[in-house]
Every structure is written in structure tokens, then in C-alpha cells.
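Trainee: this is the structure alone, sequence omitted:
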């Protein structure tokens, strides 16, 4: 049989190459089209963000102009009464910055409010559980969100007797720390995702700090800018909406352990006793040129109890003495660390080109057991915290059901859906 003609074979090869090239071109065009769509979408987003930034910058300029005018008028009125003073690095201001004493008092008051609220609202539920009358069964989703806010050391103390109230105090403090105190600024400054304006201020402050400027100039600029922005009517309405959201969210979280309150009663109680004092403190701390921070105890807390405020579970929450001359007392030496209850309040004072080292205003609070004599930490088969932990992990709580001989109380559990973004 005669072999195929070389020309026919070459034509087939050329046809195959052509088809491959066509497919390659089609694929390339599809990739380019897809990339073009992505670029166009990104361009639209960039344009929207640019317009939003321009709007914020314009609002800022107007606010700063108004603030400068008010300051100028006030300066003229007081000029005759002012005594000659040595020029300082901080310009005159109508702001009344929070002092360390005021910060200490406000933070102490907030912690006391939380303690009283938990004792008043949670204790009846704990008593119901102890007497076998607690009939509520939170969903796994509710319980999971609740226990997810527990700090790691607390998860090993779920069955410690009489520890429930301290668990709930710590959980509320952790929530407030996350939504208010751990942020650059506690409340959204714009109508977008809430972070654009705050991020812009942080970036601009960082840029200014790289110029030949003292740190006090950077902090003063930040304080003045935030003061101007928060004096606008738009911020006040935005803050009101945000606090309503926070109040509803915290009520949704706490409702699993206060089933006897309606949603409206719970939100009103939380707003008055916890949310409003917390947000007022966060507002004043974050508008100050000095740097105030709330810090939780370190992971090595159990080895440094003398540096914390230690409340003794074995003595109804009495504070243990830390000792003299920087040495821990005998009571602290015999105490066992359980878990963190509240962060401490610290300040870095800004002056001239430097800022001071962090200074403790209020020490972090931890829960301990013991002090005077050794002994095992008492455990209980079922605590309210343990019940929620078991539900969160998909297992039924042990021995929490109502007693057969007991008369169950008529109560309803308020279940609220968690708002995402918080």
C-alpha cells in the first residue's frame, strides 16, 4: 500500500495548529473580558469611595472652620483676663479633656454598675437552677454565641461553685471591650461601613507623625478632628442608631440567662445601667490627646497576682491585699488564680516630643480562690455557665432539669436573633 502523500499530512498539521490557536485566542479573550469587568467594578468602587472621602473632607473643613471661629471669639473675650503664660506645645482649646482622676472614677463606676446589674438580674436565675426550677432550653446557636465571648482561662472553671456571677460580669466586660474600647473610635464616623473615616484619620495621623512634628501635635490634631466630627448633627443621629443596635444585640446575648424580662425591659435596663455609661466613657477617653487603653491581664496572670486586683471567691468576693514593698501577701501566695473578670485602665501621657510609659489607673481584676489556707476549689455538678457550655457543644446539660416535686415557675425565654456585623 502506498504511503500518504506528505502534502496531505502537512495540511492536517496546519489545520490542527490553526484550531489550537483559535481556541487559545478565544480563551485569552474570555480572560481579558473577565479581567476588564473586574477592573470596571473596582473602578466604580474607587469612585464611590473617593466621593465619600471628598464629602467627609468637606464636612471636616467646615467643622474645623466653625471650631476655629468659636475659639477665636472665646479667645478675644478672655484675652484681657489672661495672665502672661509661657508658650506650650498644646494650643488653647474649648475641649475639656478627661483627667486621670475622672477616668478612674468613671471606669470604677461602670464596673460597679455591671456588678450590681448581674447580682440583681442573674442571681434569681441561678437560684432557680439550684432549686430545679430552671426550665429554659437555649438553642445551640444562642449558647454558642454566649460562650464564644468567654476568655480562655474561664473555660476551665465552668463547674466552680458560685462562679456564675463572675463569669457573666467578665462576659459583659468582654463584649463592651470589643464593641467600644478595642476600636480606634467606638462609633461609626460615616454612613458607609463605619470604618472609612476612622481609618482615614488613623492613616493621616500616622503620616503626620512621620513629619518633623512632636507627638503632642499629632494627638492634638486627632483630638480636634474627632471633636469637630462628633459635634455634627449627622454624627449624633448616627451614634443614636448605633447605640440602639448595640443595645438590641447585647440584650439578645443576655436574654438566654434572664428569661423573665421582656425584650423592651431588658434593653431599657441594659441601656441605662451599662451601655450609656460605657459609651460616655469611651467617647471621652478616645477624644483625649493622652492615650487611654483597656487591657486584659496577660497569659501569665497566675504568676503575677500581686499586680492585679484579686477578688476572693472563697470570701464572697472580698479583695485580697497585694502586700507591701512590691511583695505578694501570704494570702496571695496561697491563692489559686481562676479567670479574668475585667480589664485594667491604663494611660500614656503625651507631652512635647514624647509620651510616657503606660501607667496603671485601675488594675485589671481577676478571680482567685483561697488566701489563708489551702484546699480544693469547690465544684458543682451543674452551673448556669456549664449548662450554656453543654448546649453550645450540642449535648444536653446534666442534672439541670426541674425537680419532679418542685412547682415550676411560669417564665418565658426571650430569643432574639444576633445581628451580624457586631
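Mentor: On my side now, so go ahead. If you're wondering where the values come from, they're calculated on a predicted model, not measured in any experiment.

Trainee: now the residue nearest the centre of the chain. Nearest residue, chain neighbours left out?
Mentor: Residue closest to the average C-alpha location in the chain (CA atoms, centre = their mean): residue 178, at 1.1 Å. Nearest in space to residue 178, with sequence neighbours left out and distances taken as CB to CB, 6 or more residues apart in numbering, is residue 149 at 7.9 Å. C-beta coordinates here come from the backbone N, C-alpha and C atoms, glycine included.

Trainee: try residue 363
Mentor: Going by CB to CB, 6+ apart, residue 363 has residue 309 as its nearest residue, at 4.6 Å.

Trainee: wait, the one you found sits on residue 360?
Mentor: No. Contact between residue 309 and residue 360 fails when scored by CB atoms under 8 Å: they sit 10.3 Å apart.

Trainee: the more surrounded of those two?
Mentor: Between residue 309 and residue 360, residue 309 has the larger neighbour count (other CB atoms under 10 Å), namely 17 against 13.

Trainee: mind giving me the packing neighbours of the longest helix along the chain?
Mentor: When the chain is parsed with DSSP state H, its longest helix is helix 6-78. Under the contact criterion of 3 or more CB pairs under 8 Å, 6 or more residues apart in numbering; DSSP states H and E, helix 6-78 touches helix 196-209, helix 215-230.

Trainee: which of the ones you listed has the lowest average pLDDT?
Mentor: Among the helices and strands packed on helix 6-78, helix 196-209 carries the lowest mean pLDDT, a mean of 67.

Trainee: residue 390: neighbouring residues, count only.
Mentor: If we define neighbours as other CB under 10 Å, then residue 390 has 19 of them.

Trainee: and it, how far from residue 255?
Mentor: 18 Å (CB to CB, to the nearest Å).

Trainee: can you name the residues that contact residue 307?
Mentor: 322, 363 (CB atoms under 8 Å, 6 or more residues apart in numbering).

Trainee: ramachandran coordinates for it?
Mentor: Residue 307 has phi and psi values of phi -90, psi 0 when expressed as degrees, to the nearest 10.

Trainee: likewise residue 231?
Mentor: Main-chain torsions, residue 231, degrees, to the nearest 10: phi -90, psi -10.

Trainee: now it, nearest residue through space, not along the chain?
Mentor: Per CB to CB, 6+ apart, closest to residue 231 is residue 63, 6.5 Å.

Trainee: next: residue 191.
Mentor: residue 238 (6.9 Å).

Trainee: checking the one you found next. Helix, strand or coil?
Mentor: helix (DSSP: H, G, I helix; E, B strand; the rest coil).

Trainee: retrieve the pLDDT associated with the residue nearest to residue 178.
Mentor: As predicted, residue 149 sits at a pLDDT of 92.

Trainee: relative to residue 247, how far out is it?
Mentor: 16 Å.

Trainee: angle of the longest helix of the chain against helix 215-230?
Mentor: 90 degrees (axes from the mean of the first three to the mean of the last three CA atoms, to 10 degrees).

Trainee: check which element follows helix 6-78 along the chain.
Mentor: helix 100-131 (DSSP states H and E).

Trainee: flag every buried residue along that following helix.
Mentor: Using 16 or more other CB atoms under 10 Å as the test for burial, helix 100-131 gives 103, 106-107, 110-111, 113-115, 117-118, 121-122, 125-126, 128-129.

Trainee: swap in stretch 294-310?
Mentor: Under 16+ other CB under 10 Å, the buried positions of stretch 294-310 are 294, 296-297, 301-302, 305-310.

Trainee: and it, how far from the chain's centre?
Mentor: 20 Å (CA atoms, centre = their mean, to the nearest Å).

Trainee: contacts only, for the nearest residue to residue 168 once chain neighbours are set aside.
Mentor: Leaving aside its sequence neighbours, residue 168 sits nearest to residue 118 (CB to CB, 6+ apart; 4.9 Å). Going by CB under 8 Å, 6+ apart, residue 118 touches 165, 168-169, 172.

Trainee: quick one: average confidence on the longest helix of the chain?
Mentor: In the prediction, helix 6-78 has an average pLDDT of 72.

Trainee: and it, how far from the chain's centre?
Mentor: The answer for helix 6-78 is 33 Å, by CA atoms, centre = their mean.
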